[in-house]
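Colleague: task: produce atomic coordinates for the following.
(chains A and B)
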Amino acid sequence: MAAEAKIDPMHQFLITPIGSDQLAASPFQFTNSALWMLIVFACVLLFMWGGMKRQVVPGRWQVAVEGMTGFLDNITRTSIGADGRRYLPWIFTAFVFILFSNWIGAMPFGIVPGAHPFTVTSQFSVTMFMSVLSFAIVLGVGFWKHGLHFFSLFVPKGAPLPVKMFVAPIEFVSFMVRPFSLGLRPFIAMFAGHVLLDVFGNFVVQGLNAGGPLGYAISALCFVAVIGVNALELLVGAIQAYVFALLTALYINDAVNLH
Amino acid sequence: MPQIAQLALVYQSQWFWLLVVLAGIYFVVGKGIVPKVEATVDQRDATIAADLAAAEAARAEADAAEAQLKANDLAARGNAQAAIAEAKAKAAKAGEVRLAAADAKTAKLLAAAEARIATSRSAALASIESVAAEAAADIVAKVSGAKVTAAAAAKSVKAVLANV
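Modeller: Numbering: from 1, shown residues only, chains lettered A, B, ... in the order given. Next comes the predicted model:
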């Protein structure tokens, strides 16, 4: 970030290379983004490993893990039906990845000198990739289960023909918009939240630098705001993971149980 | 906005590493750990359900045993009541018999005593007559100097006594 008094809330979203001087347009380019993805992966593994004691009377950690799997199992079962467990691995993967990315991104690792926290899900290249994966699963399941009959998803059942002719294109467009809305939602939430955090955080520092009663008052006010936004960010992070998982389950349900 | 500015440069590595991580989570966690956790939960639910069923069965058994116990108790009570009534009747009968025997004995004694009393009385009466006759003869002798035979005195006394 540029020296003193210049707010650059976009800097936190910058992808920088690790192990080389310059970004290369190569899939094997290791970056801070890839590093934080691996950190997320490690945290997920650690968390889930804690639930592997498989005790009949569970400890706290095991209850947390079982609560999470039970929560997602419940989503798939209520959304898709008894068949839903087959799709649990992907919905679970999407949920924990988004949840852990959002929460790890909201952790104040920045107070450690040299550490540059990075929110993986604030990159739409990441969230869009995930939503396209979800969409691909929906298409795959739909065409595999119903063949070309899958297109009847766009035609409202029992409506007169003119209505069908009118509604089907709208339904088709709304269906094709799904991956974009699904992927942009978590990205926008994280992006906006982190910009807000950065701006308020800079106001705290600038208020202190300015000095005087007004500067300290603004600084204190912004500090309270940062705390509030941070709490909100944790909530939003969980909600976005939930929404992604739930919508994926609902979309899969459309493909599995055609009308 | 670096997300757009850098997109062309980073999308390959972003997608590659994301795919690696997602595949890792999918296969290791989603396919590996989650089913085991779910199995543990299912197993626990099954255990709880079985325990509940066993407890329910034990409760029904206890209820049946209690009902049996109550029935047994009731029967025993009835038997006891019958035995008591029987014993009461027996005792009453025996009492009556003994009472009757005692009554007969008493009546016999009473009759004997009455007979004795009657004889004593008649004996006494007879002796009173003789005593009265003697006394009358004595009184007559003292008053009038006349000698009265014992037989005459006895006759007069008897006549007077008969009027009493």
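Colleague: show me the shaky parts of the chain.
Modeller: Chain wasn't specified; assuming chain A. Judged by pLDDT under 70, chain A has its weakly predicted residues at A:1-6, A:259.
Colleague: ah, no, chain B please
Modeller: For chain B (pLDDT under 70), the answer is B:164.
Colleague: spatially central residue in it, please.
Modeller: The residue lying closest to the centre of chain B (C-alpha atoms, centre = their mean) is residue B:81, at 7.0 Å.
Colleague: distance check, that residue against chain A.
Modeller: 54 Å (C-beta to the nearest C-beta, to the nearest Å). The way it works is simple: take the backbone N, C-alpha and C, and place the C-beta from them, glycine included.
Colleague: so that residue belongs to a strand, correct?
Modeller: No - with DSSP: H, G, I helix; E, B strand; the rest coil as the criterion, residue B:81 is helix rather than part of a strand.
Colleague: relative to residue A:153, how far out is it?
Modeller: From residue B:81 over to residue A:153 the distance is 82 Å, taken as C-beta to C-beta, to the nearest Å.
Colleague: how deep is residue A:58 tucked in, by neighbour count?
Modeller: Residue A:58 has 19 neighbouring residues, counting by other C-beta atoms under 10 Å in any protein chain shown.
Colleague: just give the closest residue to it, not the sequence neighbours.
Modeller: residue A:66 (6.3 Å; C-beta to C-beta, 6 or more residues apart in numbering or on different chains).
Colleague: and that neighbour, helix, strand or coil?
Modeller: helix.
Colleague: surely it is in contact with residue A:57?
Modeller: No - using C-beta atoms under 8 Å, residue A:66 makes no contact with residue A:57, being 11.9 Å away.
Colleague: quick one: list the elements packing against the helix or strand residue B:93 falls within.
Modeller: Secondary structure from DSSP states H and E places residue B:93 in helix B:34-144. Under the contact criterion of 3 or more C-beta pairs under 8 Å, 6 or more residues apart in numbering or on different chains; DSSP states H and E, helix B:34-144 touches helix A:60-80, helix A:88-105, helix B:150-163.
Colleague: give me the number of residues near residue A:130?
Modeller: The burial count for residue A:130: 24, using other C-beta under 10 Å.
Colleague: what's the nearest residue in chain A when you look at chain B?
Modeller: Of all residues in chain A, residue A:89 sits closest to chain B, at 3.1 Å by C-beta to the nearest C-beta.
Colleague: give me the number of residues near the residue lying closest to that residue once chain neighbours are set aside?
Modeller: Using C-beta to C-beta, 6+ apart and skipping residues adjacent in sequence, the residue nearest residue A:89 is residue B:30, 3.1 Å away. When neighbours are defined as other C-beta under 10 Å, residue B:30 has 25 of them.
Colleague: next: residue A:72.
Modeller: Residue A:72, neighbours per other C-beta under 10 Å, totals 26.
Colleague: let me see the contact set for it.
Modeller: A:88, A:91, A:92, A:95, A:245 (C-beta atoms under 8 Å, 6 or more residues apart in numbering or on different chains).
Colleague: rerun that using 6 Å as the cut-off
Modeller: A:91, A:92, A:95 (C-beta atoms under 6 Å, 6 or more residues apart in numbering or on different chains).
Colleague: for the last one, which non-adjacent residue is closest in space?
Modeller: Just to be clear, that refers to residue A:95. Nearest residue to residue A:95, sequence neighbours excluded (C-beta to C-beta, 6+ apart): residue A:245, at 4.0 Å.
Colleague: related to what we said a few turns ago, run the chain-centre distance for the helix holding residue B:93.
Modeller: Relative to the mean C-alpha coordinate of its chain, helix B:34-144 is positioned 12 Å out (C-alpha atoms, centre = their mean, to the nearest Å).
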